[in-house]
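Chemist: Output the structure for:
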Amino acid sequence: MGVLAWLKSQFILQLLIGFVFVVSGLILNFIQLCTCVIWPFNKQLYRKINTRLSYSLWSQLVMLLEWWSGTECMLYTDQATVDQFGKEHVIIILNHNYEIDFLCGWTMCERYGVLGSSKVLAKRELLKVPLIGWTWYFLEIVFCKRKWEEDRETVFKGLHQLRDYPEYMWFLLYCEGTRFTEKKHQISMQVAESKGLPKLKYHLLPRTKGFTTTMQCLKGTVKAVYDVTLNFKDKENPTLLGIINGKKYRADMSVRRFPVEEIPDDEKECADWLHNLYREKDALQEFYEKEGKFPGPTIKPKRRLWTLLNFLFWATLLLSPLIRFAWDVFVSGSPLLIIGFMLFLIFASVAVRRLIGVTEVKKTGSSYGNAEAKKEN
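Modeler: Here you go, the predicted structure:
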């Protein structure tokens, strides 16, 4: 293990990175709250400001992937598709197999200038997660309970509100509804069999309602659907903890562009199109399993300095007073101050660990496996 790799694995450095992320996030959330007064007078100005504030937070996570761990992302697509990146409103369909799949999606958003304006159809539980849920709230992210009867009005309203968004947005959909596990896959394929649908080997059965509704509500705004299939070299299963420890991964992403004109308007035909798309995604994963790569030409987009510079700005701003304060506490010799500061460090480490836990496969909540859910599916 080299010196740099050893330093990256040290808990104190990881804690300082977490401190910068949490405190800068709280500052940014407070500024976002203050910008709410702009909304009644200039909605588009509010959106542009919050897009940049959100970028300042999300890019710190992208920095961990790109600069701290050095993870590489290779695109399997053609130049004509890449030339459209960041120049149109699109829907992204991404497989949900890995803890860091969202980070790989975000690094592509960052490299093509749409990280701050990226959107997602998120489960409502995430709204309660500090920093993540709060930032998404100010970004007009659409939250749902995954119960269509309760979600219908909220989803339609939220999606229609995004039709005049001033920045190019990439709207991410995890059509499988939850992260892939073997148990969920078995249940999902039982549902597929009961509905007479072809079984999938590497994906869960897609839930079509979110996709068809998003297509319907954003018709005239969205110009294309990007199908993104993600996998990793050497059959690695990357984790956010691995990224924080500085472990380098090699991600491969197959990207296919479908103009909206090629996708049926009829809800049932649109749902059938999505099921067919997932059969094609399954074939792509089967090809990757055998060949260790996706078919087609490769393009390796360059990482940008902005994520690193943004983090260094926040680190300089926040760590300097923290280090001075810690020094003053320990040289004071006061047991009360020292104990108080140690308790603060313990609290901070627990808070960061809980945020990381949101991404962990074994801790992600899902309705798969519940008897009631089986009936609903």
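Chemist: Show me where the stretch 251-377 of the chain has its helices.
Modeler: Remark: helices assigned in the stretch 251-377 of the chain by DSSP state H, counting those that start in this stretch are 267-291, 306-332, 335-357, 371-376.
Chemist: want to throw these into a markdown table with mean pLDDT and mean neighbour count?
Modeler: Where C-beta positions appear, they are placed from N, C-alpha and C, glycine not excepted. Formatted as a markdown table, the helices of the stretch 251-377 of the chain follow (pLDDT from 0 to 100; neighbours: other CB atoms under 10 Å):
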| stretch | mean pLDDT | mean neighbour count |
| --- | --- | --- |
| helix 267-291 | 96 | 16 |
| helix 306-332 | 89 | 14 |
| helix 335-357 | 73 | 13 |
| helix 371-376 | 41 | 10 |
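Chemist: Include distance to residue 81 when you put these into CSV, please.
Modeler: CSV is the format used below for those (distance: least, CB to CB, whole Å):
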stretch, distance to residue 81
helix 267-291, 15
helix 306-332, 23
helix 335-357, 33
helix 371-376, 36
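Chemist: Quick one: closest of these to residue 132.
Modeler: helix 335-357 (7.4 Å; CB to CB).
Chemist: re the thing from before, so for residue 124, which of the helices of the stretch 251-377 of the chain sits nearest?
Modeler: Distance to residue 124, taken as CB to CB, is lowest for helix 371-376 among those, at 15.9 Å.
Chemist: Next, the angle from the strand or helix carrying residue 104 to helix 306-332.
Modeler: Element membership of residue 104, judged by DSSP states H and E, is helix 101-111. If you take axes from the mean of the first three to the mean of the last three CA atoms, to 10 degrees, helix 101-111 sits at 110 degrees to helix 306-332.
Chemist: For helix 101-111, name the packing helices and strands.
Modeler: helix 43-63, strand 72-76, strand 90-94, strand 170-173, strand 224-232, strand 250-259 (3 or more CB pairs under 8 Å, 6 or more residues apart in numbering; DSSP states H and E).
Chemist: Show me the shaky parts of the stretch 51-200 of the chain.
Modeler: Of all residues in the stretch 51-200 of the chain, none has pLDDT under 70.
Chemist: change it to 80
Modeler: 145-150 (pLDDT under 80).
Chemist: nearest to residue 8, of the helices of the stretch 251-377 of the chain?
Modeler: Among these, helix 306-332 comes nearest to residue 8, with 14.3 Å by CB to CB.
Chemist: Determine how far that closest one lies from the middle of the whole chain.
Modeler: Mean-position distance between helix 306-332 and its chain equals 27 Å (CA atoms, centre = their mean, to the nearest Å).
Chemist: Quick check: which helices or strands does it pack against?
Modeler: helix 11-35, helix 43-63, helix 335-357.
Chemist: and residue 199, which of those is closest to it?
Modeler: Closest to residue 199 of these is helix 335-357 (CB to CB; 31.7 Å).
Chemist: what about the helices of the stretch 251-377 of the chain, which gets the closest to residue 110?
Modeler: Proximity of the helices of the stretch 251-377 of the chain to residue 110 was assessed by CB to CB; the nearest stretch is helix 306-332, lying at 6.2 Å.
Chemist: hang on, the earlier thing: with residue 216 as the reference, name the closest of the helices of the stretch 251-377 of the chain.
Modeler: Here helix 267-291 is closest among these (CB to CB), at 7.5 Å.
Chemist: Can you name the residues in contact with the helix holding residue 104?
Modeler: Residues external to helix 101-111 that are found in contact with it (CB atoms under 8 Å, 6 or more residues apart in numbering): 58-59, 61-62, 64-66, 71, 73, 75, 85, 92, 94-95, 98, 115, 118, 170, 172, 228, 230, 240, 243, 251, 253, 301-304, 306-307, 359.
Chemist: Between strand 90-94 and that helix, find me the angle.
Modeler: Using the same axes, to 10 degrees: helix 101-111 against strand 90-94 is 150 degrees.
Chemist: what's the angle from helix 101-111 to strand 224-232?
Modeler: 120 degrees.
Chemist: Show me just the buried residues among the contacts of helix 101-111.
Modeler: Using 16 or more other CB atoms under 10 Å as the burial test, the contacts of helix 101-111 include 58-59, 61-62, 64-66, 71, 73, 75, 85, 92, 94-95, 98, 115, 118, 170, 172, 228, 230, 240, 243, 251, 253, 303-304, 306-307, 359 as buried.
Chemist: quick one: residue 198 and residue 192 touch, right?
Modeler: Yes: using CB atoms under 8 Å, residue 198 is in contact with residue 192, at 7.1 Å.
Chemist: Now residue 7: closest residue in space, sequence neighbours ignored.
Modeler: Distance criterion CB to CB, 6 or more residues apart in numbering; nearest residue to residue 7, sequence neighbours excluded, is residue 13 at 6.2 Å.
Chemist: go on, residue 314?
Modeler: Residue nearest to residue 314 in three dimensions, not counting chain neighbours: residue 24, with 4.3 Å by CB to CB, 6+ apart.
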